[in-house]
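# sequence and computational prediction follow.
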Amino acid sequence: MSEWKEYKLGEIAELRREKFTPNKVTSFPYIGLEHIEPRSLRLNGIGISDDVSSQKSVFYPDDTLYGKLRPYFHKVYSPSFKGVCSTDIFVFKPKEINAKFLFYLLATDEFTKIANAGSTGTRMPRADWKHLSLTVWNLPSSIETQTAIAEILSSLDDKIELNNKINQELENLAQTFFKQWFIDFEFPDENGEPYQSSGGEMMESELGMIPKGWGVYSMSDLLQTVSKTYPLKTVEEVVFLNTGDIQDGKFLHENISDPTKLPGQAKKSIAIGDILYSEIRPQNKRFAFVHFDTSKYVVSTKLMVLRTKVEINSLFQYFVLTQKTQINYLQRLAESRSGTFPQITFSEVSTIKIALPSFDKVGEFVDSVLQPFYDFKFSSEFENKELAILRDTLLPKLISGEINVK
């Protein structure tokens, strides 16, 4: 530990205070708090700045962006490009320290606790730079050691990001094939040619012209809503999923709960192959496909449990329901209903209609396109979870020197 020294944060990082000047540049990549995933090198989308306001901060590659508001949310990100960000984000410029090492230092739980403890404001706590700049950290003085630590941690993040990119590419491919088959009707005919382009027969339907022999189905023809009560009194522990515990296909926790201490809405049983879809605000994407053993899971009554009622793998119905067009459609229906907040029921889901060939033909699409995509997606998400646990375990130990990088 002889090469380790104590530094004040203000000695290894400075606050970049450059403001965006809209009269000089028409547009720039824009990052707001909503774009930064917790303690991640990945953004949840990205915006484009406009000329309306100059209330934005400029950042550069290798800076570290840190959310001022509610610092306990771990809103920290290291960009590889120049852009502008919300003034609710600190822009830290590294000084004589490896840039990625600085990012990982700011990503530690210890830093978050210190930032939160020194934040100002009660209703909306904000991290305070004066307080942070004076905090003392025992760090390696060698740039080589800092770089080695950063490379170990970033290699795990790189693998997570690679899995995410492959997932996105496979999803784009699945979307392309879905459009070809079920929107443009260019599925392979008996000769392997695109159906409509090669002159396949079409017929009138309530959805317009569709291939001859196809039918129009509503979601209530393909799915049923299930509400089977979970036997809470027969178990000593259970995992409870509320609407906020799933998002865009992901299950956000596996926390064990005491069944006697659960809220009243913890009632529904689920099974492998079920679709969970929140009744509240469809645009928030609180949905997921159940692909694991569910014997110890109970879900909220605010989650619709949808189960296939035909000989079609429910991955297909899930794929349809999670299309952007269908999410927007359900959101419009939710907003048209009177109530405290936008909400839907199975009645609204049932109004979604789709033209389909024989169920065997749909099965071909599932087997050749959807199943391989979701198999990789589910396995890579599990791998990402394990990699993230490993990274988060190593992070404080490497940063503090508890584990020797060599």
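Perfect, thanks for sending it.
# next, the buried residues of the helix or strand hosting Glu169.
Under the criterion of DSSP states H and E, Glu169 resides in helix 143-182. Buried residues in helix 143-182, defined by neighbour count with 16 or more other CB atoms under 10 Å: 145-150, 152-154, 156-157, 160, 163, 167, 170, 174, 177-178, 180-182. C-betas here are computed from N, CA, C, even on glycine.
# tell me which strands and helices the following helix or strand past it is in contact with?
Note on helix 143-182: by DSSP H and E, the next helix or strand toward the C-terminus is strand 202-205. On a contact count with 3 or more CB pairs under 8 Å, 6 or more residues apart in numbering; DSSP states H and E, strand 202-205 meets strand 208-211.
# can you give me the buried ones in stretch 380-395?
Buried residues in stretch 380-395, counted by 16+ other CB under 10 Å: Ser380, Glu381, Asn384, Leu387, Arg391, Leu394, Leu395.
# revised request: answer the last question for stretch 109-126.
Within stretch 109-126, judged by 16+ other CB under 10 Å, the buried ones are Phe111, Thr112, Ile114, Ala115, Gly118, Ser119, Pro125, Arg126.
# got the phi and psi for the fifth one?
The reference is to Gly118. Per-residue torsions, Gly118: phi -100, psi 10 (degrees, to the nearest 10).
# leaving out chain neighbours, which residue sits closest to it?
Nearest residue to Gly118, sequence neighbours excluded (CB to CB, 6 or more residues apart in numbering): His131, at 3.5 Å.
# okay, that neighbour: pLDDT?
pLDDT for His131: 93.
# ok, Phe111 next?
Confidence for Phe111, expressed as pLDDT, is 92.
# pretty sure it contacts Leu102?
No - if you go by CB atoms under 8 Å, Phe111 and Leu102 don't touch, sitting 10.5 Å apart.
# what about the one helix or strand the residue nearest to Gly118 maps to, distance to the chain center?
Element membership of His131 [criterion: DSSP H and E] is helix 129-133. Offset of helix 129-133 from its chain centre (CA atoms, centre = their mean, to the nearest Å): 31 Å.
# which ones are touching the residue lying closest to Ile270 once chain neighbours are set aside?
Nearest non-adjacent residue to Ile270, counting by CB to CB, 6+ apart: Thr294, 4.8 Å away. If a contact means CB atoms under 8 Å, 6 or more residues apart in numbering, then Thr294 has Ser269, Ile270, Ala271, Ile272, Asp274 as its contacts.
# residues near the first one, how many?
The tally of other residues near Ser269 (other CB atoms under 10 Å) stands at 17.
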